[in-house]
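Q: next comes the sequence, and after it the predicted model I'd like to discuss.
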Amino acid sequence: MRKPESLVYGVEDLPPQRVALLSALQQVAFLSALLGVPGIAVANLGLDDTQFLNLAATTLFCGGVVLILQGLGRFGVGAGLFYPLQCTTAAIPAMVYASSAGLTLAENFTMVAVVGVSQIAFSFVIFRLRGIFTVEVAGLAVFLIGVGLGQQGIILILEPPEGNETALLNFAISGLTLATLIILHVYVQSSLRLFTNLIGLGVGLAVSVIAGQLDPHDVRIFAEASLVDFPHPPLFGWAFNAGAIIPFALTGFVFALTSMGVQTIAQRNNDRDWKAPDLVSIGRGIRAEGVMHLLAATLNALPMVASGGAVALAAASGCTARRLAFWTGGLLIAFSFMPKVIGFWLLLPDSVTGALFLFLATFTTVNGIQLVASRVLDARKVLAIGMGFVTAIAYEPLHRILEGQASQVRLITFSAFAVSILVTVVLISLFRIGARRKMVRRFPAGGARHHDVANFIEAEGARWGARVDVVHRGAHVTWQAMDLLARGFVDPDRPEIEVTTRYNDIVFDIMLRYDGKAPPLARRPPTAEELLEDPDRVDQLTGYLLSQLSPDLRIQNTNGTWEIHFRLPT
C-alpha cells in the first residue's frame, strides 16, 4: 500500500498530537452538525428538548464507540481504517413507518437491534457474493452517497429557517463559507490545508453570529443545557415487535451497502495502487457497525450509517490516519456527557452546514464516477448500472406514484439509495444467469490478426466487468505470446492456438494451448551484444517481456500439449 501524494498523513502514519486533536475537532464539528437528524426524529416522534439532548448524547456515544472499534480492527471486528458513522435521514422513514404502524418509542428504538443483526449477517456473506457486489455497484453506491450529500447541502442552503426573511443573507453566508473552503483547499499549500473544514465552519459561524442569523430555538437549547449530564439509558425502555422486522432489516441491508461504498472510498483514498475493494476488510467494518447498533438498541440511540462526507473530509484535509479514529471517538464519547457542547454544535446555521456538505459532495460523486469508469462495461452491466442511475434520478415522482397506488411498498421504497442499489443488484444477479465464466476460441498460428485477438479479450473483459487496464494488458500479453509462438514454436501439422479465458471476480486467467515446443520465457533480457551476435535472441527478449507483463506466468506440457497460463489479478 503506497500513500497517495495528496495525503500528508496516511492510514498508518502518526500525526502530531496537535494535528490529531484539531483534525478530530473538525470531524466532530462535521458529525455534530448532523445532529439536526435527531431534530427530525423529535418532530416525527414527538420528543421534547430534554429527550432530544439525551437522544443526541446516546447517539454520539455509540458513534464514538464504533469509531474506536473500527480503528482497532481486532478479533474480526473493525476495518482498521478511519471512517466514522453519522446520523442519517435514511433511518427516519423506517422509524416513522413503525410509529405510524402503532409502535411505541420503546419498540421503535429496540428494533434498531434488527438493523445490527442484519448488518452482522450481511458481513459474513459479502465476500461470497463478490460477483454481485462488484466495483461498479460500489461506484454507484459512492456516487449516490455524494449526490445525497450534495442534495442535502443545497436544501439546507435554499431553505432558510422558518420566519427568516433574509434569504439573501443566508445565501451570502453560504457563499462565503464555500469560498473559504475552496480557497483553502485549492490555493493554500501550508499546514492550514489540514484544517480547511474547521476554518470554513469557524468563518461561517462567526459571520452568522455577527449578522444575527442564529436560530433562537437552538440558542435557547444551548443556554439552558447543563455543562455535564449523564443520560439514564434506556431512554424509552425495551420492547420487541415482530411486525417491524422487515423495515428495520431492510434498513440494515441499505446501511451495509452504504458502508461498502464508504469503505471503498476510504480504501481508495489510502492506496495509490488501489485496484479493487477488499471485501474481507469491508465485512469486518460492517460487523463493527452491526455491533454498534446492538449497543444503540440497548441505550436507545438512533441508527447511524457510514459517513461518506466524513471520509471525504479526511481526504480533503490530507489526514486519514487510523489514529484519528481514537481521537475522534474519544471526543465524541466525552462530548456525549456534555449537553452544553452538544448545544454549541447545534448553533451552526444550516447555511454554513449546507456549504460544507456541498463542498464534500464534489469529491464523493467524482470518486463514484471514477470507480464505475474503471471497469470495462458490457451491455448487461450498462443496463444494470444505468437502471440504478435512472431510478435514483426518478425516485421522487416514482416514490409518490407507488405510495399513492400501494402503501405496502413503503417497506422497500423509503430510501432512494435503497431502491437504486436494489434495482442494480437484482439486475446484475439476473444477468449472471446463463453468463459463461469461461470462453474458448481458436486462432490460426501465424495467421491471426492483432485486432481479432484484442477484440476477443476485450469483449470477454467487458462481459465480466474486469478493470480497463487489466483487460488491455491481457490483450497485449496474449498477442505478444501468439506472435512469439508463430515464429516456429507451433507444430506445422497442427497450426492452431487455442485461447481460453476465465474470470472469477478476482483473477483474469488467459491460457494458450498448442502442439509444438516450448518458447524461451527468459527471466532476464538479452544484452545488446547477445542480440548482435545471435538474432534469434529476440525470442528471448519477447519471452522476458511476457514474464514482466504477467509475473504469475506458468508453462507446462500436458499429454504432449503445451499450456501457457497468464494470471492477471483484477
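A: Thanks, I have it.
Q: quick one: the helices in the stretch 51-200 of the chain?
A: 92-100, 105-110, 112-125, 135-158, 167-186, 196-211 (DSSP state H, counting those that start in this stretch).
Q: export the second one to CSV, keeping only CA atoms.
A: Read that as helix 105-110. In CSV, the C-alpha atoms belonging to helix 105-110 read as follows (Å, rounded to 0.1, in the frame of the first residue of the first chain):
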residue,chain,number,x,y,z
LEU,A,105,-41.0,4.6,21.4
ALA,A,106,-39.6,1.6,23.3
GLU,A,107,-40.4,-0.8,20.4
ASN,A,108,-39.1,1.7,17.9
PHE,A,109,-35.7,2.0,19.4
THR,A,110,-35.4,-1.6,20.5
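Q: from now on call the first residue 35
A: Sure thing, new numbering starts at 35, so read that last one as helix 139-144.
Q: which one of the helices of the stretch 85-234 of the chain has the lowest average pLDDT?
A: The weakest mean pLDDT among these belongs to helix 126-134, with a mean of 59.
Q: which one of the helices of the stretch 85-234 of the chain lies nearest to T534?
A: Evaluated with Cβ to Cβ, the helices of the stretch 85-234 of the chain place helix 169-192 nearest to T534, the distance being 24.1 Å. All C-beta spots, glycine's among them, are computed from the backbone N, C-alpha and C.
Q: what about the strands in the stretch 485-604 of the chain?
A: 530-537, 541-548, 586-592, 595-603 (DSSP state E, counting those that start in this stretch).
Q: adding distance to V314, write these out as JSON lines.
A: Listed next are the strands of the stretch 485-604 of the chain as JSON lines, based on distance: least, Cβ to Cβ, whole Å:
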{"stretch": "strand 530-537", "distance to V314": "20"}
{"stretch": "strand 541-548", "distance to V314": "16"}
{"stretch": "strand 586-592", "distance to V314": "21"}
{"stretch": "strand 595-603", "distance to V314": "15"}
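Q: now tabulate these in JSON lines and tack on mean neighbour count and distance to Q223.
A: Shown next, in JSON lines, are these (neighbours: other Cβ atoms under 10 Å; distance: least, Cβ to Cβ, whole Å):
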{"stretch": "strand 530-537", "mean neighbour count": "20", "distance to Q223": "44"}
{"stretch": "strand 541-548", "mean neighbour count": "20", "distance to Q223": "40"}
{"stretch": "strand 586-592", "mean neighbour count": "12", "distance to Q223": "41"}
{"stretch": "strand 595-603", "mean neighbour count": "18", "distance to Q223": "36"}
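Q: want to throw the helices of the stretch 85-234 of the chain into JSON lines with distance to R108 and mean neighbour count?
A: Conversion of those to JSON lines gives the following (distance: least, Cβ to Cβ, whole Å; neighbours: other Cβ atoms under 10 Å):
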{"stretch": "helix 126-134", "distance to R108": "31", "mean neighbour count": "20"}
{"stretch": "helix 139-144", "distance to R108": "28", "mean neighbour count": "22"}
{"stretch": "helix 146-159", "distance to R108": "15", "mean neighbour count": "22"}
{"stretch": "helix 169-192", "distance to R108": "25", "mean neighbour count": "23"}
{"stretch": "helix 201-220", "distance to R108": "34", "mean neighbour count": "18"}
{"stretch": "helix 230-245", "distance to R108": "30", "mean neighbour count": "20"}
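Q: tell me which of those sits nearest to L65.
A: Here helix 230-245 is closest among the helices of the stretch 85-234 of the chain (Cβ to Cβ), at 11.5 Å.
Q: quick check: angle from that closest one to helix 201-220?
A: 150 degrees (axes from the mean of the first three to the mean of the last three Cα atoms, to 10 degrees).
Q: which residues are contacting the helix or strand following helix 230-245?
A: Toward the C-terminus, helix 230-245 is succeeded by helix 250-258 as the next helix or strand (DSSP states H and E). Counting by Cβ atoms under 8 Å, 6 or more residues apart in numbering, helix 250-258 makes contact with D83, F86, L87, K374, G377, F378, L380, L381, all of which sit outside it.
Q: restricted to buried residues, select those in PyMOL.
A: If you want just the buried ones from the contacts of helix 250-258 in PyMOL, going by 16 or more other Cβ atoms under 10 Å, the selection is:
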select buried, resi 86+87+374+377+378+380+381
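Q: give me the subset of the contacts of helix 250-258 lying in helices.
A: D83, F86, L87, K374, G377, F378, L380 (DSSP state H).
Q: longest helix in the protein, please.
A: Longest helix in the chain, counting by DSSP H: helix 279-304.
Q: so which bits of that helix are buried?
A: 281-304.
Q: could you list the low-pLDDT ranges of the stretch 285-434 of the chain?
A: Judged by pLDDT under 70, the stretch 285-434 of the chain has its weakly predicted residues at 432-434.
Q: mind listing the strands for it?
A: 338-340.
Q: hang on, F274 packs against F143?
A: No. F274 is not in contact with F143 according to Cβ atoms under 8 Å; the separation is 11.1 Å.
Q: okay, and the common contacts of the two?
A: By Cβ under 8 Å, 6+ apart, no residue touches both F274 and F143.
Q: need the strands of the stretch 485-604 of the chain in JSON lines with distance to F423 and mean pLDDT, can you?
A: Listed next are the strands of the stretch 485-604 of the chain as JSON lines, based on distance: least, Cβ to Cβ, whole Å; pLDDT from 0 to 100:
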{"stretch": "strand 530-537", "distance to F423": "25", "mean pLDDT": "86"}
{"stretch": "strand 541-548", "distance to F423": "26", "mean pLDDT": "86"}
{"stretch": "strand 586-592", "distance to F423": "36", "mean pLDDT": "83"}
{"stretch": "strand 595-603", "distance to F423": "29", "mean pLDDT": "84"}
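Q: of all these, which one is nearest Q120?
A: strand 595-603 (33.7 Å).
Q: for that closest one, which strands pair with it and how are they oriented?
A: strand 541-548 (antiparallel), strand 586-592 (antiparallel) (DSSP bridges).
Q: redo those strands as a markdown table? Include distance to R356.
A: Formatted as a markdown table, the strands paired with strand 595-603 follow (distance: least, Cβ to Cβ, whole Å):
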| stretch | distance to R356 |
| --- | --- |
| strand 541-548 | 29 |
| strand 586-592 | 31 |
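Q: so which of the ones you listed is nearest A91?
A: strand 541-548 (48.7 Å).
Q: so which residues make contact with the closest one?
A: With Cβ under 8 Å, 6+ apart, strand 541-548 has contacts from 479, 491, 495, 498, 500, 504-505, 508, 511-512, 515-516, 519, 523-525, 528, 530-537, 595-604.
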